[in-house]
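Colleague: return atomic coordinates for the entry below.
(2 chains)
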Amino acid sequence: MKLVSNVFFNILKKELHLLFSGSGFFWLSLIFSIGLFMLFRFTLPPEHMSGETAVSILWAAHLISCLFCLLAAQEWEWEWFAYRAVRLSGTQGHLVFVSKSTASFIALVLLWLLELIIWFIFFNSTFMFAGDTFIDKGINIINMFILAGSLTTIGITFLGQLAAILALHSRFRHILLLILFFPLSLPVLIAGSSFCRNIINGGMWQDSKGILNLIIAFLFIYLAAGIALYDYLWEE
Amino acid sequence: MPEKNINRLICFSNLGKQFDYRWAVRKAQGEIIENDYLALLGPNGAGKSTLLHLLTRLYKAHEGEVSYPGFKNLRDFYSKMDLLSHHSMFYPRLSAFENIDFFNRLRFEKEAKESIDYALEFTGLQQAKRKKADGFSRGMLQRLTLARMILIKPEMVFLDEPFTGLDLSGQKMLIQILQKRGMPEISWKIKSFILVDHDFKRAHELSEQLWIVTKGSLAQKIEKKKISLKELEKKLS
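Modeller: Numbering: from 1, shown residues only, chains lettered A, B, ... in the order given. Purely as a prediction, here's the structure:
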């Protein structure tokens, strides 16, 4: 048991270290999101900008940022065949899957929070929300955004790790990762953005509960698939 | 009668692996016994490395099977083996120390700062221990792989062209370890190794048995004492 937790924290530490230091994939992803927000905020005329459009921009930026981090995580495993040494240490695949997903989740939720703050700053305009700003709508809306973003991000990390290992041994692993990741992430992504749109349009928590349940269901499907398949997919 | 004393470490039968619908290894069978120090020899593309990877289960076999009767289970096998390959198998953006420490912690519960320092010192990498691996030369990476092996002290070693990139002193270091079957000064004993090397003279010198691989199959198994270097050269050409 001690070895299991030791391995878990060891992989977690390594993944976080690689995400936050060195080439700084995390920061690169954040800069990309800021760039995207600025692009839409300052180039789209106000009459074309609604709350719903703004929410879509936030989710699109987050999805692409997640993908950057996942591609980076796949790359450092593949680059010098480091995953082989992990395999030869006898570490069980599902443990690797859970620890890598946890590290991704920590990084991507932090990314989501930072994106959210910056997005609030850029898009806190009265014209989008019938006379209100986000701040006027109160702290509740922020909590709801954090909840939806976090749940969706868990789904994305589980799916991302699964897609990354599926694509790892392919010659076209980057393209295959994109092909697998985008369509499979659509259900959680659509659910997450619909939840946020409902909230900014004045929808009640009860109305959106069904959407959250859908995200949680997908999250468990990805988790179960990852735990069941990771070991098998790891072999070349 | 001697059958009782034989400790089979690995058995494999009818082993096969395809790449792009071409068999890289086919119908390979054999067993590796404790105190077997063997070299796989053969031309490029004969399937030597593939066979080695199949025995470590890095590659999934398309046919046949590998079993590990000399070990309690697969986990036990992995805890007692290591692969020294021409692929470095490290994280380029971690330092030498971080890489070694990471792989040590995957296998063992205990911290091993002193042992890591010893392994890095032995392989001449102590000065570069805080340097990121992506700044290492090919030879330094191979030394780092050797340092990881010294730290793990595996009983069974798989060597896939391990001399690639090593300078003369690095080669001597590795040759010495293989000749001594480990490092007695740190209580490391290699019970068995499988070496893939294109330098047949060195392979002949280091091993006890020679397995000749052609077209993905084990064509011949020869005891070293029964074949001279000249005869071996003739066979391989």
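Colleague: Provide a list of residues in contact with residue A:147.
Modeller: residue A:212 (CB atoms under 8 Å, 6 or more residues apart in numbering or on different chains). Yep, even glycine has a C-beta here, placed from its N, CA and C like the rest.
Colleague: distance of it from residue A:26?
Modeller: Here residue A:147 is placed at a distance of 22 Å from residue A:26 (CB to CB, to the nearest Å).
Colleague: what do you get for residue B:142?
Modeller: Look at residue B:142 and residue A:26: by CB to CB, they are 32 Å apart.
Colleague: look at these two and report which has more neighbours.
Modeller: residue B:142 (26 against 22; other CB atoms under 10 Å in any protein chain shown).
Colleague: could you list the domains of chain B?
Modeller: Here the domain parsing of chain B from automatic domain parsing is B:1-80+B:192-237, B:90-153+B:156-190.
Colleague: could the ones you listed be laid out in a markdown table, adding mean pLDDT and distance to chain A?
Modeller: Compiled in a markdown table, the domains of chain B are given as follows (pLDDT from 0 to 100; distance: least, CB to the nearest CB, whole Å):
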| stretch | mean pLDDT | distance to chain A |
| --- | --- | --- |
| domain B:1-80+B:192-237 | 89 | 3 |
| domain B:90-153+B:156-190 | 93 | 4 |
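Colleague: any chance of those domains in a markdown table with distance to residue A:183 as columns?
Modeller: Formatted as a markdown table, those follow (distance: least, CB to CB, whole Å):
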| stretch | distance to residue A:183 |
| --- | --- |
| domain B:1-80+B:192-237 | 27 |
| domain B:90-153+B:156-190 | 30 |
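Colleague: and the ones you listed: which comes nearest residue A:122?
Modeller: Closest of the domains of chain B to residue A:122 is domain B:90-153+B:156-190, at 32.0 Å (criterion: CB to CB).
Colleague: quick revisit: so which of the domains of chain B comes closest to residue A:89?
Modeller: Between the domains of chain B, domain B:90-153+B:156-190 lies closest to residue A:89; by CB to CB that is 3.9 Å.
Colleague: residue B:157 contacts residue B:80, doesn't it?
Modeller: No. Judged on CB atoms under 8 Å, residue B:157 makes no contact with residue B:80 at a distance of 9.9 Å.
Colleague: show me which of these two is the more surrounded one.
Modeller: residue B:157 (24 against 21).
Colleague: give the contact list for that one.
Modeller: Counting by CB under 8 Å, 6+ apart, residue B:157 touches B:81-84, B:149, B:190, B:192-194.
Colleague: could these go into a markdown table alongside secondary structure and neighbour count?
Modeller: Compiled in a markdown table, the contacts of residue B:157 are given as follows (DSSP: H, G, I helix; E, B strand; the rest coil; neighbours: other CB atoms under 10 Å in any protein chain shown):
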| residue | secondary structure | neighbour count |
| --- | --- | --- |
| B:81 | strand | 24 |
| B:82 | strand | 27 |
| B:83 | strand | 25 |
| B:84 | strand | 24 |
| B:149 | helix | 22 |
| B:190 | coil | 20 |
| B:192 | strand | 23 |
| B:193 | strand | 27 |
| B:194 | strand | 25 |
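Colleague: excluding chain neighbours, what is closest to the residue of chain A found nearest chain B?
Modeller: In chain A, the residue that lies nearest chain B is residue A:90 (3.0 Å; CB to the nearest CB). Counting by CB to CB, 6 or more residues apart in numbering or on different chains, residue B:78 is the residue found nearest to residue A:90 once chain neighbours are left out, at 3.0 Å.
Colleague: before we move on, what about residue B:53?
Modeller: Looking at residue B:53 with CB to CB, 6+ apart, the closest residue is residue B:59, at 4.3 Å.
Colleague: give the helix, strand or coil label for the one you found.
Modeller: Counting by DSSP: H, G, I helix; E, B strand; the rest coil, the backbone at residue B:59 sits in coil.
Colleague: coming back round to it: redo the contacts of residue B:157 as TSV? Include distance to residue B:134.
Modeller: Converted to TSV, the contacts of residue B:157 look like this (distance: CB to CB, whole Å):
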residue	distance to residue B:134
B:81	27
B:82	22
B:83	21
B:84	20
B:149	21
B:190	30
B:192	34
B:193	29
B:194	30
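Colleague: now, which of these sits nearest residue A:85?
Modeller: When the contacts of residue B:157 are ranked by distance to residue A:85 (CB to CB), residue B:83 comes first, at 8.0 Å.
Colleague: tell me who's in contact with that closest one.
Modeller: A:84-85, A:88, B:52, B:56, B:58, B:89, B:157-160.
Colleague: filter those down to the ones in strands?
Modeller: Residues of the contacts of residue B:83 located in strands (DSSP state E): B:157-160.
Colleague: show me where pLDDT drops low in chain A?
Modeller: Within chain A, the segments meeting pLDDT under 70 span A:1-2, A:22-24, A:125-140, A:203-205.
Colleague: hey, where'd the helices end up in the chain?
Modeller: You didn't say which chain, so I picked chain A. Ranges of helices in chain A, per DSSP state H, are A:2-20, A:25-43, A:51-78, A:82-88, A:93-123, A:134-137, A:139-168, A:173-200, A:205-234.
Colleague: could you do chain B instead?
Modeller: Using DSSP H, helices in chain B cover B:48-55, B:74-79, B:96-107, B:113-122, B:138-152, B:168-180, B:200-206, B:229-236.
Colleague: what parts of chain A come near chain B?
Modeller: For chain A, the residues in contact with chain B (CB under 8 Å from any CB of the partner chain) are A:2-3, A:6-7, A:10-11, A:14, A:17-18, A:21-23, A:76, A:79-82, A:84-91, A:235-236.
Colleague: ok, back up a step: now, which of the contacts of residue B:157 sits nearest residue B:19?
Modeller: So of the contacts of residue B:157, ranked by how close each gets to residue B:19 (CB to CB), first place is residue B:83, at 19.2 Å.
Colleague: leaving out sequence neighbours, find the closest residue to the residue nearest the centre of chain A.
Modeller: Of all residues in chain A, the one closest to the mean position by CA atoms, centre = their mean is residue A:153, 3.8 Å from it. Excluding the flanking residues, the one nearest residue A:153 by CB to CB, 6+ apart is residue A:108, at 4.7 Å.
Colleague: count of neighbours near that neighbour?
Modeller: Using other CB under 10 Å: residue A:108 sits among 27 other residues.
Colleague: from what I can see it touches residue A:69, true?
Modeller: Yes. Residue A:108 is within contact range of residue A:69, at 6.3 Å (criterion: CB under 8 Å).
Colleague: nothing else from me, thank you.
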